[in-house]
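1. Just a sequence and a predicted model for now, questions to come.
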Amino acid sequence: MSGTGLIANVIAGVIALALIVYLFIALIRPEKF
């Protein structure tokens, strides 16, 4: 049902948010990478 889609959307959102945060940190602190 829609529960599976909701979980998939939440997981995708968390992954996207983590990627955005990672790229933001890489931009402001490039010496750490």
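-> Looks like it came in fine. Numbering: from 1, shown residues only.

2. When you work out contacts or count neighbours from here on, use the C-alpha atoms and nothing else.
-> Noted.

3. So what's the residue count around residue 26?
-> Neighbour count of residue 26, defined by other C-alpha atoms under 10 Å: 13.

4. Oops, could you answer that again for residue 23 instead?
-> Residues near residue 23, counting by other C-alpha under 10 Å: 13.

5. And residue 31, by the same measure?
-> Residue 31 has 7 nearby residues by other C-alpha under 10 Å.

6. Look up how far residue 14 lies from it.
-> 25 Å (C-alpha to C-alpha, to the nearest Å).

7. Residue 3 too?
-> In terms of C-alpha to C-alpha, residue 3 sits 17 Å off from residue 14.

8. Which of those two has more residues huddled nearby?
-> Neighbours were counted for residue 3 and for residue 14 using other C-alpha under 10 Å; residue 14 has more, 12 against 8.

9. Next one: the more buried one from residue 21, what distance?
-> 10 Å.

10. tell me, what's touching these two both at once?
-> Common neighbours of residue 14 and residue 21 (criterion: C-alpha atoms under 8 Å, 6 or more residues apart in numbering): none identified.

11. got any ranges where the protein has weak pLDDT?
-> 1, 32-33 (pLDDT under 70).

12. Which residue ranges of this structure form helices?
-> With DSSP state H, the ranges of helices along the chain come out as 2-28.

13. gap between residue 23 and residue 8?
-> Counting by C-alpha to C-alpha - residue 23 and residue 8 are separated by 22 Å.

14. So what does residue 29 have for phi and psi?
-> Residue 29 has phi and psi values of phi -130, psi 70 when expressed as degrees, to the nearest 10.

15. Kindly tell me how buried it is, as a neighbour count.
-> Residue 29: 10 neighbours (other C-alpha under 10 Å).

16. And residue 2, by the same measure?
-> The burial count for residue 2: 7, using other C-alpha under 10 Å.

17. now swap in the one 5 residues further on and tell me
-> For residue 7, the number of neighbouring residues by other C-alpha under 10 Å comes to 11.

18. swap in residue 21?
-> With other C-alpha under 10 Å as criterion, residue 21 counts 12.
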